[in-house]
Structures are given as structure tokens and as C-alpha cells.
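1. Structure for the following, please:
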Amino acid sequence: MMRITILAVGKIKKDYFREAIGEYLKRLSPYAKIDVEEIEAEPFKRESDKDKAKKIEGEKILKFLEKNEGNIIILDEKGKNFSSHEFAEFLEDKNERIIFVIGGALGFHENILENPYRKLSLSKMTFPHEMARMILLEQIYRASAIMSGKEYHY
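-> Numbering: from 1, shown residues only. Modelled structure (predicted):
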């Protein structure tokens, strides 16, 4: 059984995202043990505060990652793109805990991006962080179905 942690900056605010995420977590329960950890997003009032907020969020992420071992994967638009089958093969090869990191509304600070973490892109498009969490869970579920030999296109 896969062991996955999703570390995300910010909380899920919209009920429809919360419901969809809950549904995928339920569907994934036979295939993976998934923990979701949330880091509080840093507030900012002015444009000039954005970099400071990203840096503080990055320090919180690094603090979490220092205390938790695993295969760390950052969700980043410049990361590797996978087809659903390729993503399933990628996950199948992981024998240790996987930690997916989703940045907040401002993205990641350089203190995260400069690390040698693997980078995964969900799309060349940009999504709100709440939607990125839902899409990631859906793709983990789809990969689990593929690895189990179940049909994944309907």
C-alpha cells in the first residue's frame, strides 16, 4: 500500500473542492494511506509583501520536510509532465513514503525551488492551489486504478 503525504499551503475554502477532495480520499483508501498536512498561508497586503510571504511559507515547508522523510515531489509548472500511465509507473516504483508539496496562491519561494527535489507538473496551465490538490488526488486515484488493472477511461 502506498504511503503518501500531501503538504499544502493554505486551507480548502470552497465546499465543492472540500467535497471532491473528500470523495477522492475515500476512493483511495483501499490503495493508499494518505495524510494531508496544511501550512497556513502568509497574508500580504501590498505587492511588495509577496516575496516575504513566499519566503515565510517556504521556511515552513522546509521545516516540515526536515522532520519527515520521504520521496519529496514539488508541484511546479516547470516540472515533469506525465501521462496517466506514466504517472502510474512512476508511483509504482516508489517504495518509500511520497510527499507531494503544493504551494500557495503565490507559488514557491526560491528557498524551495533551488532544492534538488523532483518537480511534477499537473499541466502547462496554472490552477488555483485548491484545484491542484483535487487534481493531484484524482490522478493518484487514476494511477492506483491503472496499477490494480482496473479500467480508468469510461
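
2. partners of Val9 in the sheet?
-> Ile39 (DSSP bridges).

3. Can you tell me how far it is from Ala20?
-> Taking CB to CB, to the nearest Å as the criterion, Val9 is separated from Ala20 by 19 Å. Bear in mind the C-beta positions are built from the backbone N, C-alpha and C, glycine included.

4. Have a look at the two and say which one is more surrounded.
-> Set side by side, Val9 and Ala20 show more neighbours around Val9, with 24 against 19, by other CB atoms under 10 Å.

5. Which residue ranges of this protein form helices?
-> Ranges of helices in the chain, per DSSP state H, are 15-28, 50-67, 84-92, 110-113, 129-147.

6. Make TSV out of these and add mean pLDDT.
-> Written out in TSV, the entries for the helices of the chain read as follows (pLDDT from 0 to 100):
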stretch	mean pLDDT
helix 15-28	97
helix 50-67	96
helix 84-92	93
helix 110-113	94
helix 129-147	95
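
7. Most tightly packed of these?
-> The highest average neighbour count among the helices of the chain, using mean count of other CB atoms under 10 Å, belongs to helix 129-147 at a mean of 20.

8. Regarding this protein, what is its longest strand?
-> When the chain is parsed with DSSP state E, its longest strand is strand 71-80.

9. Report the beta-bridge partner residues of Thr5.
-> Thr5 forms beta bridges with Asp35, Ile99, as assigned by DSSP bridges.

10. quick one: it from Met125, how far?
-> Taking CB to CB as the measure, Thr5 falls 25 Å from Met125.

11. Of the two, which one has the most company?
-> Thr5 (20 against 7).

12. What confidence value was assigned to the more buried one?
-> Thr5 is assigned a predicted lDDT (pLDDT) of 98.

13. What's the separation between it and Ile72?
-> When CB to CB is applied, the distance between Thr5 and Ile72 equals 10 Å.

14. Now for those two: what residues contact both?
-> In the contact map built from CB atoms under 8 Å, 6 or more residues apart in numbering, the residues linked to both Thr5 and Ile72 are Ile99.

15. List the contacts of Ser121.
-> Under the criterion of CB under 8 Å, 6+ apart, the neighbours of Ser121 are Leu75, Asp76, Glu77, Lys78, Gly79, Lys80, Asn81.
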